[in-house]
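Chemist: okay, predicted coordinates and the sequence, questions at the end:
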2 protein chains.
Amino acid sequence: MSIRDEVRKMKEDAPFLAASPAAVRDRALKLIQEKLSAHADRIFAANADDLKAADEGGVSPAVKKRLKFDGGKLSDCLAGIDQLLKLPDPLQKVTLSRELDEGLTLTRITCPIGVIGVIFEARPDALIQISSLCIKSGNCAVLKGGKETKYTNRILFSLIHEAVVEAGIPGNCYIQAEQHSEIDELLACHNEVDLLIPRGSNAFVQHIMDNTKIPVMGHADGICHIYVDRDADQEMAIPVIVDAKTQYTAACNAVETLLVHREIAEEFLPKLQKELQKNGVRLRGTAEVCGIISAEPLDPEEYVEYLDLIASVKLVGGVDEAVEHINRFGSHHTDSILTENDETAERFLQMVDSAGVYRNCSTRFADGFRYGFGAEVGISTGKIHARGPVGLEGLVTYKYRLIGDGHIVGDYASGRKAFHFRDLTS
Amino acid sequence: MSIRDEVRKMKEDAPFLAASPAAVRDRALKLIQEKLSAHADRIFAANADDLKAADEGGVSPAVKKRLKFDGGKLSDCLAGIDQLLKLPDPLQKVTLSRELDEGLTLTRITCPIGVIGVIFEARPDALIQISSLCIKSGNCAVLKGGKETKYTNRILFSLIHEAVVEAGIPGNCYIQAEQHSEIDELLACHNEVDLLIPRGSNAFVQHIMDNTKIPVMGHADGICHIYVDRDADQEMAIPVIVDAKTQYTAACNAVETLLVHREIAEEFLPKLQKELQKNGVRLRGTAEVCGIISAEPLDPEEYVEYLDLIASVKLVGGVDEAVEHINRFGSHHTDSILTENDETAERFLQMVDSAGVYRNCSTRFADGFRYGFGAEVGISTGKIHARGPVGLEGLVTYKYRLIGDGHIVGDYASGRKAFHFRDLTS
């Protein structure tokens, strides 16, 4: 069956999942935990096949590391589902309740988005996390993982699908796409798919955004900044920068550009460089920076996402110049100010137009798990709908219910009746 | 100056507007009220010029009616601003506050979307409403009204701009586009413009959606349904249907398709037709419907938005078939069930995938003013971000603030520290 035919059936069944009680969705999550535990050996055997194919295909060590699915990763996944089970149902929450007039009551109630397409990297744990989030939030999903995880994902998905059906959710609500060609098919299904969440390289996410009419949630770039203010605690600044740059360089929330207040540059830059060098980090600096420390030259208009042990360094005259730089050259992901000055910090937090605005901590905290969301389906640098790490709340929308007793607009347009707008406590 | 240059400057000034106190934005609204009142004669004179041009250009009476701006419309606009002034500030609201660990606090705070482009029909009151909503919500705006309102909009915008600047908001935050060619320029500004809100014909909105990378909020179609259940109060049903169809046929929330339970069709359809005929409404029916009443034949796959005194009629076997029809042929705008049966109603309200799901009332209530939002900038049939009538809440997003004291992720990754996720009451 084609992807389009499958998503059509999914769309038809989506309202049944939307109306399912929380107990049914939680039951599916519990069954997933049980099945993953019971069939751990089969999963690890399938994963060994993927790893063997990776070796034969000459896959990079970084990809292999993400690909490997062992007991430790399984128990992290089970713990993640535990966290989701503890979270309250994100559906059927009344977020507005208002009597418009006698006998005419408006309520706004959360509901699932509907059908979501998630295209993600070659990580078996990602399949489990994303499926779990979609189940808990009552969304149908088309799941497309990296081809390198083919065997592992096949067994994981079949267990998840079994669990879902056993819990009483229609089987059409979740499908796995295995072929890369199916992505293009999916991009054309704008009448059936409500949201796409692509994860992966910038070029890939940009390709998705440019080739579909379906709303896309995610981020193409992660150019994060740390601004070291004149009033920074310099002893605190150095480990924060080292963490943000080196703790996991391939992450979108790793810092790429350091902005340093001109007045402290001569004192601070040599200390910073010494510590970063110890951690294998090379610096690229503006001409002014290269006058203080020996750094590689930086093209003043070229501030990029390195995803590597390299950072750009530039001097600024104060917080306003830092904000201007970040809003112009950043990617609206996560940016941090290091300062002991409350007024300067407040200005930065207010004026920087990013999903995460931090003070005195590492940009690496930008993550659904670290925010206490249980897991994340991705990080959004868009400002429409969900921003930052996207957990359950980002996977729901709402609808307005209006309950009357034969109420007609003509009575209000003619002045025979008038609205009184009385908010009800729910 | 080109639109692109203007929106670049707007983008730079947007953080200043975002950080402005509520008092500044409310002051701008009060100054708008004062200036509109003080210069009413100039506004009416400009409107007379537009009306004269409309007569010469052979504009339709419906357009002329919307174009006319008189004392009544002015006082409605002033009252609308009064309502907005009474609403609380939608910005700087803390919607989540959580201590992740000792000294590391996460807060989620509402903030404006940024730069919004609104393209709207030839109605001077729309310019005032949309500007007021953007000012109250701290958003910059590019405003493009219908060309037929050129003279009126020019004076209205100059007064609004004066008020904004006098209140202390940067003048770059609001511009008016007057040329149709500027719309295409605006569509290309995806680095500067955060959201587009087009209003107007389906074809126009679809054109916008197909030709920009900027997120678009709005609706292309408004195919609304009323389902008359077996357990409907038939006496109540008829005036509700007459209102939904005839109270304002050109509105997107007017009903277009009537679904009637097969078991009551023989009794109900003749009564319905009689009342609708009195109101000038023609019916198009399926073969089955034409077997009961004399109606024009309806192609079973052709359920369209008439925006006229015509309605489609189809029989269904019950609520599930009604839901299936609505989810398949509708536009996810607003749909109403008429029934006295609570269980049937609940099923409909749960399963219909529309922004508005109503019981025992007219679809024409789908409107920001009637929901008590003060005004609306448009109605969204999308499910991402805002759904239904979009007032102040739909014009804000949020950002996450994380405040630490030198916190680094390495400590948590290594297990030296652990998150405790304690929600704080704010």
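Modeler: Perfect, I can see it now.
Chemist: is A:His407 in contact with A:Leu106, as I believe?
Modeler: No - taking CB atoms under 8 Å as the definition, A:His407 is not a contact partner of A:Leu106, at 11.1 Å. For the C-beta atoms, the positions are set from N, CA and C on the backbone; glycine is no exception.
Chemist: need the residues of the stretch 51-200 of chain A near chain B, please.
Modeler: With CB under 8 Å from any CB of the partner chain as the criterion, the stretch 51-200 of chain A meets chain B at residues A:98, A:100, A:104, A:106, A:113-114, A:194-195.
Chemist: what is A:Ile197 paired to in the beta sheet?
Modeler: Using DSSP bridges, the beta-bridge partners of A:Ile197 come out as A:Val118.
Chemist: could you measure from it over to A:Gly117?
Modeler: Going from A:Ile197 to A:Gly117 by CB to CB, to the nearest Å gives 7 Å.
Chemist: which parts of the stretch 101-250 of chain A are strands?
Modeler: In order along the chain, the stretch 101-250 of chain A carries the following strands (DSSP state E, counting those that start in this stretch): A:104-112, A:115-119, A:140-144, A:174-177, A:195-198, A:224-228.
Chemist: point out the most buried one among those strands.
Modeler: Comparing these by mean neighbour count (mean count of other CB atoms under 10 Å in any protein chain shown), strand A:224-228 ranks first with a mean of 28.
Chemist: that one pairs with which strands?
Modeler: Looking at strand A:224-228 with DSSP bridges, its paired strands and their directions are strand A:255-261 (parallel), strand A:334-338 (parallel).
Chemist: same list, the residues of the stretch 51-200 of chain A next to chain B, but as CSV with pLDDT please.
Modeler: Converted to CSV, those look like this (pLDDT from 0 to 100):
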residue, pLDDT
A:Arg98, 90
A:Leu100, 91
A:Leu104, 92
A:Leu106, 92
A:Ile113, 94
A:Gly114, 94
A:Asp194, 94
A:Leu195, 94
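Chemist: what's the closest of those residues to B:Glu275?
Modeler: Of all these, A:Leu104 has the smallest distance to B:Glu275: 22.2 Å, by CB to CB.
Chemist: isn't the closest one up against A:Gly404?
Modeler: Yes - look at A:Leu104 against A:Gly404 with CB under 8 Å: they come within range, at 4.6 Å.
Chemist: shared neighbours of those two, anything?
Modeler: B:361, B:365 (CB atoms under 8 Å, 6 or more residues apart in numbering or on different chains).
Chemist: that older thread, out of the strands paired with strand A:224-228, which is closest to A:Ala311?
Modeler: Across these, A:Ala311 has its closest neighbour in strand A:255-261 (5.6 Å, CB to CB).
Chemist: the following helix or strand past that closest one and chain B in contact?
Modeler: In the C-terminal direction, the helix or strand that comes right after strand A:255-261 (DSSP states H and E) is helix A:265-278. No - in terms of CB under 8 Å from any CB, no part of helix A:265-278 sits within range of chain B; the closest distance is 12.8 Å.
Chemist: which residues touch helix A:265-278?
Modeler: Outside helix A:265-278, the residues touching it (CB under 8 Å, 6+ apart) are A:228, A:232, A:234, A:237-239, A:241-242, A:245, A:258, A:260, A:283, A:288-289, A:292-293, A:295, A:311, A:313, A:315.
Chemist: next SSE downstream of it?
Modeler: Scanning the chain past helix A:265-278 towards its C-terminal end, the next helix or strand to appear is strand A:282-285 (assignment: DSSP H and E).
Chemist: show me what that next one is packed against.
Modeler: strand A:296-297, strand A:310-316 (3 or more CB pairs under 8 Å, 6 or more residues apart in numbering or on different chains; DSSP states H and E).
Chemist: output these in JSON lines; the columns should cover distance to chain B and mean pLDDT.
Modeler: What follows is these, written out as JSON lines (distance: least, CB to the nearest CB, whole Å; pLDDT from 0 to 100):
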{"stretch": "strand A:296-297", "distance to chain B": "26", "mean pLDDT": "94"}
{"stretch": "strand A:310-316", "distance to chain B": "16", "mean pLDDT": "97"}
